[in-house]
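A.B. asks: predicted coordinates and the sequence they were generated for:
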Amino acid sequence: MTYQVILPAAGQGKRMGAGKNKLLLELNGIPVFIHTIKVFEEDDLCKGIILSIHPQDEVEFRFLLKKYKVKKVLDLVLGGKERQDSIYNALKTVKGDGIILVHDAARPFILKEHIHRLVATAQETGAAIIGVPAKDTMKKVSNLVVEETVERSSLWAVQTPQAFRISLLLQAYDQAEKDQYVGTDDSSLVERISYPVSVVEGDYDNIKLTTPEDLFFAEAIMKKRNL
Ligand code: CTP
Ligand code: MG
């Protein structure tokens, strides 16, 4: 039950407003993307990491991979304009036909236990994503007017990693490219070729570092885990 993982890291971190890629910000003195890579580096089931990066970060990323003695990064791929482009560029370099994970480099708190549950499910069904049930009451709003209150129990906040059979994900990406469709996650590309996607319950700590206040949440999670 092994897998490979694509880590899209080629964004610019505009909403974080740090003046550089947010993945280079440090938590306890270690860059965010190194924290994320370490999870996979230390998981024996992970057979390889493909990192998608922005050309302007290449020198610094290469330096940091060496500094932290990362061994499993098989390939550094140049990303594209959208997250989807960055992943597609990486996906085209993947060999074999096992399970491929896609995981945002900006989510350093993913736990091995959840990765394994996800991989096991994807092995069985071909496609699986991780998420958590919505905690708040959810409403559909248009111009500050409530259109409806959506039944909460059926709503989940979806995260990464997302896991797929390599051939299935490639097929979904090829189709999206053909149709010039851009989705907000990988699953949406698979959904639109009518393939059923399984959902695995993860945890609320698996946040994506997106805006400056997320750094406070990150500090709190680090403390809770004694990191
Ligand atoms: N990403 C990528 N290629 C892009 C855009 C995003 O590889 N063209 C990556 C980011 O580096 C991040 C993940 O996809 O690890 C999730 O994206 P997001 O949180 O939106 O990060 P950024 O795009 O960097 O942030 P922003 O949208 O605020 O600029
Ligand atoms: Mg973005």
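C.D. replies: Done, it's in. Ligands and ions are numbered 1, 2, ... in the order given.
A.B. asks: for the rest of this, base every contact and every neighbour count on C-alpha atoms.
C.D. replies: Will do.
A.B. asks: what is the one helix or strand Lys139 maps to packed up against?
C.D. replies: Following DSSP states H and E, one finds Lys139 within strand 138-142. Judged by 3 or more CA pairs under 8 Å, 6 or more residues apart in numbering; DSSP states H and E, the packing partners of strand 138-142 are strand 145-150.
A.B. asks: touching the strand it packs on from outside, list them.
C.D. replies: Residues outside strand 145-150 that contact it (CA atoms under 8 Å, 6 or more residues apart in numbering): 137-141.
A.B. asks: and the strand holding Lys139, how far out from the chain middle?
C.D. replies: Distance of strand 138-142 from the chain centroid (CA atoms, centre = their mean, to the nearest Å) equals 26 Å.
A.B. asks: which residues are in contact with it?
C.D. replies: For strand 138-142, contacts defined as CA under 8 Å, 6+ apart pick out 146-152.
A.B. asks: taking their axis directions, it and strand 145-150 sit at what angle?
C.D. replies: 150 degrees (axes from the mean of the first three to the mean of the last three CA atoms, to 10 degrees).
A.B. asks: how about the residues of this protein by ligand 1?
C.D. replies: 8-16, 52, 79-83, 86, 104-106, 210 (CA under 6 Å from any ligand atom).
A.B. asks: pull up the pairing partners for the strand holding Lys139, direction included.
C.D. replies: Strand 138-142 has the following strand partners under DSSP bridges: strand 145-150 (antiparallel).
A.B. asks: any chance you could map the strands in the chain?
C.D. replies: Secondary structure of the chain (DSSP state E): strands located at 3-8, 26-27, 30-31, 46-53, 73-78, 99-102, 127-133, 138-142, 145-150, 156-165, 198-201.
A.B. asks: would you turn the contacts of strand 138-142 into TSV with distance to Pro196?
C.D. replies: Converted to TSV, those look like this (distance: CA to CA, whole Å):
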residue	distance to Pro196
Val146	31
Glu147	29
Glu148	27
Thr149	26
Val150	22
Glu151	22
Arg152	21
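A.B. asks: off-centre distance for the lowest-mean-pLDDT helix or strand in the chain?
C.D. replies: Least confident helix or strand, the chain: strand 73-78 with a mean of 93, by mean pLDDT, DSSP states H and E. Strand 73-78 sits 16 Å away from the centroid of its parent chain (CA atoms, centre = their mean).
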